[in-house]
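Novice: attaching a predicted model along with its sequence, questions to come.
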Amino acid sequence: MILIVSQKDDHSTSEIIQWLLYYKIRFVRVNRGDKLTLLKASISDNRWHIFTLLSKEHGEINLRDISAVWYRRGEMQFYIPNLNFIRDAGLRQQVFEHLKNENLILEDYLQYLLNSIPHIGTYELNGVNKLIVLDEARKLGIEIPATTIVSEKRFLDNSQKLIAKSISEVFTPTTENGKFITYTEAVNIIDIKPAFFPSLFQTLIEKEADIRAFILHDKVYSMAIRSQEHPQTKIDFRKYLSKNPSRHFPFSLPSSLEEKLVKLMRAIKLETASVDLIFTKDGRFIFLEANPIGQFSMTSKPCNYFLEREIALSLINLSKQSIA
Amino acid sequence: MRKNDLGKKCILNPSATLIKGASRSLICDLERNSYMLIPISLHEMLTQNKKGFTVQEISEQYSKDNKQNKKIILSYFNALHRADLLVFTNFPEYYQPINMTWDFPGDISNAIIDIDKNTTYATSFLEQIAKLGCPYIQLRFFSRLSISDLKLMIAQLETSIIEAIEVFASYESDTVLKGLIKLMKKNYRIRSVTLYNAPENIIKYSRTIGFGQVVTVTTDIKGHLSCGFISHHYFITNISTYTESLAHNSCLNRKISIDVDGNIKNCPSMSQSFGNIKDTTLREALDHPDFKKYWNITKDQIAVCKDCEFRYICTDCRAYLENPEDMYSKPLKCGYNPYTCEWEEWSTNPLKQMAIDYYGMREMLPEFKMKPDHVPPRRTNPEGNRAQ
Amino acid sequence: MKTDKKRYLSHYTPEILQKKELPVNFKFAQFYTMDTKTEENEDKSIASLDKRFLDIKINAYNTDCFNIMSTLGKPISKIVR
């Protein structure tokens, strides 16, 4: 049986499950927020364990039955019961903290056991470190943009056109006025104050296209994203949010670069990721980042790659290895 | 196009495909869901220069120093450029065409259920449809629609894989209309409700999040005989229907249906029954050796359609044929002539009269008369397409 | 507050975020102007747990409002003009 760890509103997960249903493969989907309890676990010295979860949504899940795991999103957290029967608020809080710690050890142990089962995706709450990935890419001979992180203006190179972006994830705050998003912005040096919170700068690269490559094990599926050629082309404003909608084309990276990207995935221990690159006007490819939890449907649909089916097949393949 | 664009290397937009017809060709922009008619000469120029070209060179090569021709060719490429069908790049070798295979995670992809006053159906068919992996159902009511029956069916779907339901019913009253809108607001599975024989052609309700529409139309529908209508309004230019049409039948592939009498067929308009839902399961019918007989009849095998530039974006009808004895003949209700590029009134065509009588459609002919907008535009924008 | 659907406005930065202690890239584009209350209500009206089962009860998965975006992509029958 295939275990899928995801969250409720993830449509890609549902699409992959449609393929699993079609191929008549047993699976169980655990979403962030599902109430999991450990029913029983025994650690014996030869055949290591029995570890059975009880989920309100799914009933019993025995780890022995799991032949492959897909970490899509979210995590599996054990349930802490309602402690309101403890009247002393201070005591209640302390009991809560203790139970949380009990659960952390169990969750950690669960991950340890699941790690020995073939899987796609990582159970990494923190995701991947952008800076480390850039470094690993550079070591493998993959071209990366000139990147600096500074907190004082005087260290910036005035001669280059620069862009600034987040060091971690894109920041999307919600206020009472609505939702906001930060974009990778071209920087006007004059506007910058002399000192600021450490910010990441890269040289602005003249591009022909953005490339999004979805990597699954050793296969690379690429797509080019370009703005439309002709500004006056009539488009359907129901479909496109901005006035300059993009085009999405199937694309094929040079095989030498594909090999390096696959090696990079191994170096940062990812079986799958969505990689962003820039395709420059003079034909070079510049690596920007790797996102372990990527929206692959935006690559799958315009290029007709059937990535959802490929992931389902990959999971089925992994689970066959498990039984062997 | 600007002057300096003429010397830049370019390719045809990788999302675009070309369909050659007898007298002209079609470029389909599969990403933008639009199409444009082009002359066959332009089709040839584009297919012979797949690896990339400059507009300057190509216009010189094919005009052979004739200034008039060169002007014409430049105007062709200008039109392509304005339609966002040219992509400028010095590296055409990296851009790939869209994968043209089709696949679907379900034994059945769509189902039609016909209901009239004599239909007695156990709603277990919904569960059976779901078991076949089918997410999309169309319910066609040919008699009074009972909203409470509809509600019962929807309630069954609470834990079902069925994603979308379309409803056809005759317009009764504004009260019923309001009841249907209310039902749609509560149930995201109901994607469209079309009420026919109504006072006007208008969209009565449109959902704000996600797709959902209640529409009334003035046409009267008299059962399954009304189906099989071929029109540019049904042209669809997207990857899944285009690729499906290359290898499979545009209408019958992975379709199952139950007619008003409970007979399980490829579609309610076909004659062969594979059992009755009262004593046969949909799975049993699907497993019958003949059920999938017509699933792979493509346009390239159908007379006249094989020469039509619209063949991969059009629907099809294998139930009502110009020649009822020939499974590979053109749909009866298609009035397009790809040899003259004209849309003709099919119902008065002398060659179709025998088939009209064969299917018993004589009385309904006035309903089938073509409307003034039967001719498609030379180029559609995405807004121009009728489908969701 | 009367709300619009999603609208993209460029480079509107709430004053509170213009402080110099913050990173340089803190320029925002307003992505949504929907009333969050309406959004919540819409979400709740959708059946929150939509399980799909095989003949054996073991397999289940949840879908939600995002699922409503899929369609077959072509007409199922051609009965209306």
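Specialist: Yep, it's here. A quick note: this is a predicted structure, and the numbers were derived from the prediction, not measured.
Novice: make it CA atoms for all contacts and neighbour counts henceforth
Specialist: Noted.
Novice: now whatever residue of chain C ends up closest to chain B: closest residue in space, sequence neighbours ignored.
Specialist: Going by Cα to the nearest Cα, chain B is nearest to residue C:79 of chain C, at 4.0 Å. Residue nearest to residue C:79 in three dimensions, not counting chain neighbours: residue B:227, with 4.0 Å by Cα to Cα, 6 or more residues apart in numbering or on different chains.
Novice: start to end distance for stretch B:215-234?
Specialist: 16 Å (Cα to Cα, to the nearest Å).
Novice: and that stretch, what's buried?
Specialist: B:215-221, B:223-234 (16 or more other Cα atoms under 10 Å in any protein chain shown).
Novice: name the element the residue of chain C closest to chain B belongs to?
Specialist: Residue C:79 belongs to no helix or strand when assigned by DSSP states H and E.
Novice: now for it: which residues touch it?
Specialist: Applying Cα atoms under 8 Å, 6 or more residues apart in numbering or on different chains, we find residue C:79 in contact with B:221, B:224, B:226, B:227, B:228, B:229.
Novice: could I get the residues you listed as JSON lines with distance to residue A:291?
Specialist: Converted to JSON lines, the contacts of residue C:79 look like this (distance: Cα to Cα, whole Å):
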{"residue": "B:221", "distance to residue A:291": "53"}
{"residue": "B:224", "distance to residue A:291": "51"}
{"residue": "B:226", "distance to residue A:291": "52"}
{"residue": "B:227", "distance to residue A:291": "48"}
{"residue": "B:228", "distance to residue A:291": "48"}
{"residue": "B:229", "distance to residue A:291": "48"}
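Novice: neighbours of residue A:95, how many?
Specialist: Residues lying near residue A:95 (other Cα atoms under 10 Å in any protein chain shown) number 14.
Novice: what about the helix or strand where residue B:129 lies, near chain C?
Specialist: Element membership for residue B:129, per DSSP H and E: helix B:124-131. Yes. Judged by Cα under 8 Å from any Cα of the partner chain, helix B:124-131 comes into contact with chain C at residue B:131.
Novice: for the residue in the stretch 101-250 of chain B that chain A sits nearest to, which three-state class applies?
Specialist: Nearest residue of the stretch 101-250 of chain B to chain A: residue B:105, at 5.1 Å (Cα to the nearest Cα). For residue B:105, the assignment made with DSSP: H, G, I helix; E, B strand; the rest coil gives coil.
Novice: can you check residue A:279 too?
Specialist: For residue A:279, the assignment made with three-state DSSP gives strand.
Novice: residues near it, how many?
Specialist: 21.
Novice: wait, it touches residue A:207, no?
Specialist: Yes. Contact criterion Cα atoms under 8 Å: residue A:279 and residue A:207 qualify, at 5.7 Å.
Novice: ok, back up a step: give me the number of residues near the residue of the stretch 101-250 of chain B closest to chain A?
Specialist: 20.
Novice: residues contacting it?
Specialist: With Cα under 8 Å, 6+ apart, residue B:105 has these contacts: A:18, A:19, A:21, A:22, B:133.
Novice: could you do residue A:253 as well?
Specialist: With Cα under 8 Å, 6+ apart, residue A:253 has these contacts: A:222, B:94.
Novice: got the buried residues for stretch B:329-340?
Specialist: B:329, B:330, B:331, B:332, B:333, B:334, B:335, B:336, B:337, B:338.
Novice: just stretch A:303-317 next, same as before
Specialist: Counting neighbours by 16+ other Cα under 10 Å, one finds that the buried residues in stretch A:303-317 are A:303-309, A:311-316.
Novice: residues in contact with it?
Specialist: Counting by Cα under 8 Å, 6+ apart, A:2, A:12, A:15-17, A:19-20, A:25, A:68-70, A:119-120, A:216, A:221, A:223, A:248-250, A:296-297, A:299-300, B:98-101, B:239 sit against stretch A:303-317.
Novice: got it, and stretch A:259-278?
Specialist: A:120-122, A:133, A:136-137, A:140-142, A:207-220, A:284-296.
Novice: please identify the buried residues of it?
Specialist: Residues A:261-265, A:270-278 are the ones in stretch A:259-278 that count as buried (16+ other Cα under 10 Å).
Novice: what is the nearest of the residues you listed to residue B:322?
Specialist: Taking Cα to Cα as the measure, residue A:274 is the one of the buried residues of stretch A:259-278 closest to residue B:322, at 51.2 Å.
Novice: tell me which element the closest one falls in.
Specialist: Judged by DSSP H and E, residue A:274 forms part of strand A:272-280.
Novice: circling back to that earlier point, now, which of the contacts of stretch A:303-317 lie close to chain C?
Specialist: Contacts with chain C within the contacts of stretch A:303-317, as defined by Cα under 8 Å from any Cα: residue A:17.
Novice: the contacts of stretch A:303-317 in strands, which ones?
Specialist: Using DSSP state E to define strands, the subset of these located there is A:2, A:68, A:69, A:70, A:119, A:120, A:216, A:221, A:223, A:248, A:249, A:250.
Novice: beta partners for the fourth one?
Specialist: Translated: residue A:70. Counting by DSSP bridges, residue A:70 is bridged to residue A:4, residue A:120.
Novice: what is the burial count for it?
Specialist: 22.
Novice: and it, how far from chain C?
Specialist: For residue A:70, the distance to chain C (Cα to the nearest Cα, to the nearest Å) stands at 14 Å.
Novice: can you pull the contacts of that residue?
Specialist: Residues near residue A:70 by Cα under 8 Å, 6+ apart: A:2, A:3, A:4, A:5, A:119, A:120, A:121, A:315.
Novice: one more time with 6 Å, if that's ok
Specialist: A:4, A:119, A:120, A:121 (Cα atoms under 6 Å, 6 or more residues apart in numbering or on different chains).
Novice: the first one now?
Specialist: The contact partners of residue A:2, by Cα under 6 Å, 6+ apart, come to A:27, A:66, A:67, A:68, A:69.
Novice: who touches the strand or helix carrying residue B:35?
Specialist: Using DSSP H and E, the element containing residue B:35 is strand B:34-38. Residues external to strand B:34-38 that are found in contact with it (Cα under 6 Å, 6+ apart): B:25, B:26, B:27, B:28, B:29, B:237, B:378, B:379, B:380, B:381, B:382.
Novice: for chain A, give me the ranges with low pLDDT.
Specialist: For chain A, the stretches with pLDDT under 70 are A:44-51, A:57, A:124-127, A:176-178, A:183, A:231-244, A:322-324.
Novice: which stretches in it count as helices?
Specialist: A:11-22, A:89-114, A:130-139, A:255-267, A:297-303, A:307-323 (DSSP state H).
Novice: any chance of TSV for those helices, columns distance to residue B:255?
Specialist: Listed next are the helices of chain A as TSV, based on distance: least, Cα to Cα, whole Å:
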stretch	distance to residue B:255
helix A:11-22	16
helix A:89-114	41
helix A:130-139	48
helix A:255-267	40
helix A:297-303	23
helix A:307-323	21
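Novice: closest one to residue B:365 among those?
Specialist: Proximity to residue B:365 (Cα to Cα) singles out helix A:297-303 among those, at 41.6 Å.
Novice: please save the CA atoms from that closest one in PDB.
Specialist: Extracted C-alpha coordinates of helix A:297-303, given in PDB (Å, rounded to 0.1, in the frame of the first residue of the first chain):
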ATOM      1  CA  SER A 297       0.900  20.600 -12.900                       C
ATOM      2  CA  MET A 298       1.800  24.000 -14.300                       C
ATOM      3  CA  THR A 299       4.500  22.200 -16.300                       C
ATOM      4  CA  SER A 300       2.500  19.000 -16.900                       C
ATOM      5  CA  LYS A 301      -0.600  20.500 -18.500                       C
ATOM      6  CA  PRO A 302       0.800  22.900 -21.100                       C
ATOM      7  CA  CYS A 303       3.400  20.400 -22.300                       C
END
